[in-house]
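**Q** Give me a 3D structure for the following:
(one chain, ligands or ions: 1)
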Amino acid sequence: MNAPSSVVSAKDLSLVFQTSDGPVHALSNVDLEVGKGDFVSFIGPSGCGKTTFLRVIADLEKHTSGDITVNAMTPENARKDRSYGYVFQAAALYPWRTIEKNIALPLEIMGYGREEQQRRIEETLKLVNLTGFGKKFPWQLSGGMQQRASIARALAFDADLLLMDEPFGALDEIVRDHLNEQLLKLWAATNKTICFVTHSIPEAVYLSTKIVVMSPRPGRVTDIIHSTLPKERPLDIRETPEFLEIAHRVREGLKAGHSYDE
Ligand SMILES: Nc1ncnc2c1ncn2[C@@H]1O[C@H](COP(=O)(O)OP(=O)(O)OP(=O)(O)O)[C@@H](O)[C@H]1O
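**A** Have a look, this model is predicted:
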């Protein structure tokens, strides 16, 4: 049975890609509960199935066996119900549309009226600190601002669940720190559930209430760490013994996954 507050519930979930080189076990027997309001990070080396798991939640990929529900529905019904917003690795904004037109796109497709579109555009621009930038084109904004605009687009139809696939991977560390801080504030202010893929141990520990450590071939979950850090997290929390202890456990989990392959 799913916990009543379960947003994503995966039970014995596996996904095998059939390729010309034989089967690829992208996900193997994954059991995971993502509760309402959780911030869950997925961390692990390249190829361990992080993106694939997000894509299964988003109904962009079909699992081979096991079960998964999203908001207590099949992923297909959850997608039709607009249960989630998706933020990709690159900002993926349309260069010929202004920022507000980019944010409006999913709203246009969903048939929102002009006034409601404008209200949501202004609200989400404010949430990501981009008020006043709606009329700019993506190329007029820095990389960090573009990524914030793509977060605004994912927030625009106000889904409870946000799927974020390494959204800050291409940005320099200072910008990334700043966006991590802003994302935590946004998460606290909106009460969203967030599934977040990253390669960075400090980023995972700083952001998450739950850290899912994965390892490849076959892609599987090797550890799930419940963070003991408070919800309010200034950046210098990263120097505290509690933070370093969690980071250490993540690192150990990643190392254990690696040795399995040898
Ligand atoms: N459409 C596909 N067809 C065949 N194999 C695939 C497909 N998509 C992913 N894979 C394989 O499935 C495995 C998991 O891939 P996935 O992209 O989920 O990993 P990841 O952990 O997100 O990696 P990265 O950190 O590099 O983004 C990899 O071995 C990958 O090559």
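
**Q** Low-confidence stretches in the stretch 1-150 of the chain?
**A** By pLDDT under 70, the weakly predicted segments of the stretch 1-150 of the chain are 1-4, 91.

**Q** Okay, strands next: where are they in it?
**A** Remark: strands of the stretch 1-150 of the chain, listed N- to C-terminal, are 6-19, 22-35, 39-43, 65-70, 84-87; assignment by DSSP state E, counting those that start in this stretch.

**Q** Turn the ones you listed into TSV, columns for mean neighbour count and distance to residue 180.
**A** (C-beta placed from N, C-alpha, C; glycine too.) Rendered in TSV, the data for the strands of the stretch 1-150 of the chain read as follows (neighbours: other Cβ atoms under 10 Å; distance: least, Cβ to Cβ, whole Å):
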stretch	mean neighbour count	distance to residue 180
strand 6-19	18	22
strand 22-35	18	20
strand 39-43	25	11
strand 65-70	18	25
strand 84-87	24	14
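
**Q** Using TSV, lay out those strands together with distance to residue 145.
**A** Formatted as TSV, the strands of the stretch 1-150 of the chain follow (distance: least, Cβ to Cβ, whole Å):
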stretch	distance to residue 145
strand 6-19	29
strand 22-35	29
strand 39-43	23
strand 65-70	30
strand 84-87	14
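
**Q** would you turn those into JSON lines with distance to the ligand?
**A** Supplementary listing: the strands of the stretch 1-150 of the chain in JSON lines, determined by distance: least, Cβ to the nearest ligand atom, whole Å:
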{"stretch": "strand 6-19", "distance to the ligand": "3"}
{"stretch": "strand 22-35", "distance to the ligand": "3"}
{"stretch": "strand 39-43", "distance to the ligand": "8"}
{"stretch": "strand 65-70", "distance to the ligand": "15"}
{"stretch": "strand 84-87", "distance to the ligand": "14"}
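
**Q** measure residue 57 to the ligand for me?
**A** When Cβ to the nearest ligand atom, to the nearest Å is the yardstick, residue 57 and the ligand sit 12 Å from each other.

**Q** and that residue, what is it in contact with?
**A** With Cβ atoms under 8 Å, 6 or more residues apart in numbering as the criterion, the residues that contact residue 57 are 8, 68, 70, 75, 78, 84, 161, 163, 195.

**Q** neighbours around the last one, how many?
**A** The criterion is other Cβ atoms under 10 Å. On that basis, residue 195 has 27 neighbouring residues.

**Q** The stretch 101-250 of the chain against the ligand: which residues are in contact?
**A** The stretch 101-250 of the chain has residues residue 219 near the ligand, with proximity defined as Cβ under 6 Å from any ligand atom.

**Q** which residues of this structure fall in helices?
**A** Applying DSSP state H to the chain gives helices spanning 50-57, 75-80, 99-109, 114-127, 143-155, 173-190, 201-207, 241-260.

**Q** that older thread, mind checking which of the strands of the stretch 1-150 of the chain is nearest residue 141?
**A** Shortest distance between residue 141 and the strands of the stretch 1-150 of the chain, using Cβ to Cβ, is found for strand 84-87: 15.6 Å.

**Q** Any buried residues in stretch 144-160, and which?
**A** Of the residues in stretch 144-160, 144-157, 159 count as buried by neighbour count, 16 or more other Cβ atoms under 10 Å.

**Q** try stretch 240-258
**A** Residues 243, 246-247, 249-250, 253-254, 257 are the ones in stretch 240-258 that count as buried (16+ other Cβ under 10 Å).

**Q** a markdown table for the residues you listed, including pLDDT?
**A** As requested, these are arranged in a markdown table below (pLDDT from 0 to 100):
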| residue | pLDDT |
| --- | --- |
| 243 | 96 |
| 246 | 96 |
| 247 | 96 |
| 249 | 95 |
| 250 | 96 |
| 253 | 91 |
| 254 | 91 |
| 257 | 74 |
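
**Q** just to revisit the earlier point, closest one to residue 139 among the strands of the stretch 1-150 of the chain?
**A** Distance to residue 139, taken as Cβ to Cβ, is lowest for strand 84-87 among the strands of the stretch 1-150 of the chain, at 19.3 Å.
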